[in-house]
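Novice: got a predicted structure plus its sequence, pasted below:
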Amino acid sequence: MANFAINSFADEAAQSDHRADKKLTAVKGAFDLRQRKGPFDVVGDLHGCTAELDELLVKLGYERRAAGKLGHSEARTLIFLGDLGDRGPHSAQAFQQVMDWVEAGDALYTPGNHCNKLMRYLQGRHVQLTQGLEGTVAQVAMKEEMTPGFIGRLRAFIEDAPPYLWLDEGRLVVAHGGIKAHLIGRDGSDVRRMCLYGDITGEKNSDGTPVRLDWAQHYRGDAAIVYGHTPVSGPEWVNHTINVDQGCVFGGWLTALRWPEREVVQVRSHEKYYTERTPEFIREAPEGAKEDESSN
Ligand SMILES: [Mn+2]
């Protein structure tokens, strides 16, 4: 794919005119950010856990600057791989912060299935207000009252976000549910379904959850895939893939993967915010924060 203006993100002029860049990428395949080399910090499923995010940002060396700006002395870029809201305590706040940072050029974002469901709700489509969406919708309505226009901005933010992020000369792909090697660099309904939901078959397990295939076990691509969606212990590398969702909202950990260092930085969840479907590895984990959650 041809180079386009988004590769000038590092220069000041482009940053001040980020809205024009956004329009351009929307017609050119916004997922193609191969010109952006990082370094990056990819944050797993947030689900409204803004207190844990604050703590993680300090550990990662970010500082909040005036008016929705985020800075780092090594010019690192924060990446969110979706599911910013639902189930946790501060979903609307999570969206507001990430929108500010992305629009300032200080962060990147690709949506998860929970983000997509919120978007469809905001578009007036019929969705069930379950799985924590009901809380997000209430918080979003309150934000709209305080800052009119918030809902329109939020809806456009999710609508315009690329289905996945293709970064660092093609060496890194960030996708909420993961992606298969042959889908990288492409767009379409198969790509979008996988990026939102993982490798689903359309069948359901006996507990009503969708059957998800373990695509990472079969991944043979060269690009590293950082994803989330299904909380797992770890995180651990499997065939150049790593799942950085450690179930923070269930009482697990909020994880960031530093790229290209491949270091894992974690903070322990402050609380079990959501107790339905708590993953087993969290139920078995000891309470409280360890002395140092950073590990490689
Ligand atoms: Mn998800």
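Specialist: Received the coordinates, thanks.
Novice: could you use CA atoms for every contact and neighbour count after this?
Specialist: Fine.
Novice: tell me, what residue is most central in the chain?
Specialist: Nearest to the geometric centre of the chain sits residue 81, at 1.8 Å (Cα atoms, centre = their mean).
Novice: does that one touch residue 98 like I think?
Specialist: No: with contact defined as Cα atoms under 8 Å, residue 81 does not reach residue 98; the gap is 11.0 Å.
Novice: which neighbours do those two share?
Specialist: By the contact definition Cα atoms under 8 Å, 6 or more residues apart in numbering, residue 81 and residue 98 are jointly contacted by residue 109.
Novice: list the buried residues of the helix or strand where residue 54 lies.
Specialist: Using DSSP states H and E, residue 54 sits in helix 50-60. Using 16 or more other Cα atoms under 10 Å as the burial criterion, the residues of helix 50-60 that qualify are 50, 52, 53, 56, 57, 60.
Novice: so what's the gap between it and the chain middle?
Specialist: Put simply, helix 50-60 sits 15 Å off its chain's centre (Cα atoms, centre = their mean, to the nearest Å).
Novice: what helices and strands are in contact with it?
Specialist: Under the contact criterion of 3 or more Cα pairs under 8 Å, 6 or more residues apart in numbering; DSSP states H and E, helix 50-60 touches strand 253-259, strand 263-268.
Novice: ok, residue 175 - contacts?
Specialist: Listed by Cα under 8 Å, 6+ apart, the contact partners of residue 175 are 81, 110, 163, 164, 165, 195, 196, 225, 226, 227, 228.
Novice: any chance of the helices and strands packed on helix 50-60 in TSV, with mean pLDDT too?
Specialist: Formatted as TSV, the helices and strands packed on helix 50-60 follow (pLDDT from 0 to 100):
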stretch	mean pLDDT
strand 253-259	98
strand 263-268	98
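Novice: find the nearest non-adjacent residue to residue 115, please.
Specialist: In space, and not counting its chain neighbours, residue 115 is closest to residue 83: 5.5 Å by Cα to Cα, 6 or more residues apart in numbering.
Novice: three-state assignment of that neighbour?
Specialist: Recorded secondary structure, residue 83: coil (DSSP: H, G, I helix; E, B strand; the rest coil).
Novice: shouldn't it be in contact with residue 45?
Specialist: Yes: Residue 83 is within contact range of residue 45, at 5.3 Å (criterion: Cα under 8 Å).
Novice: what touches both of these two?
Specialist: residue 229.
Novice: who has more neighbours, those two?
Specialist: residue 45 (32 against 28; other Cα atoms under 10 Å).
Novice: could I get the pLDDT score of residue 8?
Specialist: Residue 8 carries a pLDDT score of 34 in this model.
Novice: from what I see, residue 44 and residue 256 are in contact.
Specialist: Yes: between residue 44 and residue 256 there is a contact under Cα under 8 Å: 6.3 Å.
Novice: what touches both of the two?
Specialist: residue 244.
Novice: if we can go back for a sec, okay, the helices and strands packed on helix 50-60, which one's buried deepest?
Specialist: Among these, strand 253-259 has the highest mean neighbour count (mean count of other Cα atoms under 10 Å), at a mean of 25.
Novice: partner strands of that strand, with direction?
Specialist: Using DSSP bridges, strand 253-259 pairs in its sheet with strand 40-43 (antiparallel), strand 245-246 (antiparallel), strand 263-268 (antiparallel).
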